[in-house]
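In: model the structure of this input:
(one chain, ligands or ions: 2)
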Amino acid sequence: MDTPKGAVMPAVYGQSERPPRGDYSRGGAVHDDYTCPQDWASYTPADHDTYRRLYERQAAQLPGLACDAFIASLPSLGVKDRIPRFDEINERLYKATRWEVVAVPGLIPELPFFTLLANRKFPVTDWIRKPEEFNYIVEPDVFHDLFGHVPMLFDPTFADYVQRYGQGGMKAHGLGAGEKLARLYWYTVEFGLIRQQDGVRAYGAGILSSVGELQHAVRSNEPHRLPLDLLRTMRTRYKIDSYQSTYFVIDSFAHLFDLTAPDFTALYEQLATQPDIEADVLLPGESGSIA
Ligand code: HBI
Ligand code: FE
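Out: Ligands and ions are numbered 1, 2, ... in the order given. I've put the predicted structure just below:
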């Protein structure tokens with residue numbers, strides 16, 4: 001049964017008070033799973049030019065900083081000089097890992113978000129930032145979602161991890177542990193680092209789509225870098241509007257997938273007894289640097 005016009009309410013991301021950017025009514029064109037048509041014809045020449053400039057600048061930065069899987073899959077996004085049509089990407093993505101990109105008006109509430117991921121549907125915001133927001137935008141736009149997230153969904157193991165994350169998220173929501181699990185998403189899918197033979201590289205979308213954070217996360221000796229550990233990671237708070245002070249590093253996507261195999265209920269019980277850790281804190285015994 002379709003929701004009455006404009007009935008879907010936007011999500012607020014993290015602790016922000018700002019009203020979300022997206023138009024969640026569009027005269028009822030937003031379905032009750034929060035998906036909507038991409039309406040490609042509504043993009044202006046300035047929108048396409050913003051995408052082209054963002055893509056060009058970010059792609060030039062990747063060598064030596066982005067992980068191999070991301071660099072190998074980036075061409076699968078297709079066109080670089082304008083905002084791609086999601087159904088064109090889906091022809092390739094579905095063949096590769098049975099995922100598809102779906103358009104959403106912006107951030108959506110936790111449960112619909114987890115449910116889409118559990119069904120191998122990645123929600124991609126359908127609007128793009130204004131030229132004056134070229135260097136930074138707090139809320140994910142189509143460039144962050146397409147450039148940052150979608151290439152990694154062409155990696156079969158990572159694609160399975162994100163679906164398992166969605167399934168886990170639906171359970172966590174039921175247990176009231178959504179916020180803990182959101183930290184795992186934040187420190188892997190959004191800001192994750194992976195150790196390769198040739199050194200640490202980025203696989204997190206928030207890093208890969210950011211002009212400044214890519215260098216900071218991979219090269220700077222300012223942030224802490226810790227091995228990903230479920231308990232430590234889900235205790236660690238994060239910041240939504242500045243570079244991260246801590247990054248978590250995995251050895252492989254298979255390692256990440258295996259880590260999240262068991263049921264998390266016991267983990268949530270353990271987490272309930274342990275205090276959160278601020279993003280810039282190191283615990284006794286943690287070196288904070290990974291070779
Ligand atoms: N909605 N469209 C969109 N994209 C996200 O990345 C997103 C979201 N809603 C909630 C959310 N992320 C986070 O709270 C997840 O960690 C659950
Ligand atoms: Fe994101």
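In: now do the one helix or strand residue 182 maps to: distance to the chain's middle.
Out: Assigned by DSSP states H and E, residue 182 belongs to helix 178-185. How far helix 178-185 lies from its chain's middle: 12 Å, per C-alpha atoms, centre = their mean, to the nearest Å.
In: what residues sit buried inside it?
Out: Buried residues in helix 178-185, counted by 16 or more other C-beta atoms under 10 Å: 178, 180-185. Backbone N, C-alpha and C define where each C-beta goes, glycine included.
In: same check on stretch 227-237?
Out: For stretch 227-237, by 16+ other C-beta under 10 Å, it's 228, 230, 232-236.
In: circling back to that earlier point, which of the buried residues of helix 178-185 are close to ligand 2?
Out: Residues of the buried residues of helix 178-185 in contact with ligand 2 (C-beta under 5 Å from the ion): none.
In: which residues of the stretch 151-291 of the chain lie near ligand 1?
Out: 182, 185 (C-beta under 6 Å from any ligand atom).
In: residue 94 versus the closest residue to ligand 1 within the stretch 151-291 of the chain, what's the distance?
Out: Residue of the stretch 151-291 of the chain nearest ligand 1, by C-beta to the nearest ligand atom: residue 182 (3.4 Å). Look at residue 182 and residue 94: by C-beta to C-beta, to the nearest Å, they are 27 Å apart.
In: which residues of the stretch 51-200 of the chain fall in strands?
Out: 100-104, 121-125, 193-196, 199-202 (DSSP state E, counting those that start in this stretch).
In: so can I have TSV of the ones you listed showing distance to residue 244 and mean pLDDT?
Out: Shown next, in TSV, are the strands of the stretch 51-200 of the chain (distance: least, C-beta to C-beta, whole Å; pLDDT from 0 to 100):
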stretch	distance to residue 244	mean pLDDT
strand 100-104	25	98
strand 121-125	21	98
strand 193-196	10	98
strand 199-202	11	98
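In: now the ones you listed as a markdown table including mean neighbour count?
Out: Shown next, in a markdown table, are these (neighbours: other C-beta atoms under 10 Å):
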| stretch | mean neighbour count |
| --- | --- |
| strand 100-104 | 22 |
| strand 121-125 | 22 |
| strand 193-196 | 20 |
| strand 199-202 | 20 |
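In: contacting residues around the residue nearest to the spatial centre of the chain?
Out: Note on the chain: the residue nearest the mean C-alpha position is residue 190, at 4.0 Å, using C-alpha atoms, centre = their mean. Residues counted as contacts of residue 190 (C-beta atoms under 8 Å, 6 or more residues apart in numbering) are 204-207.
In: I'm done for today, thanks for sticking with me.
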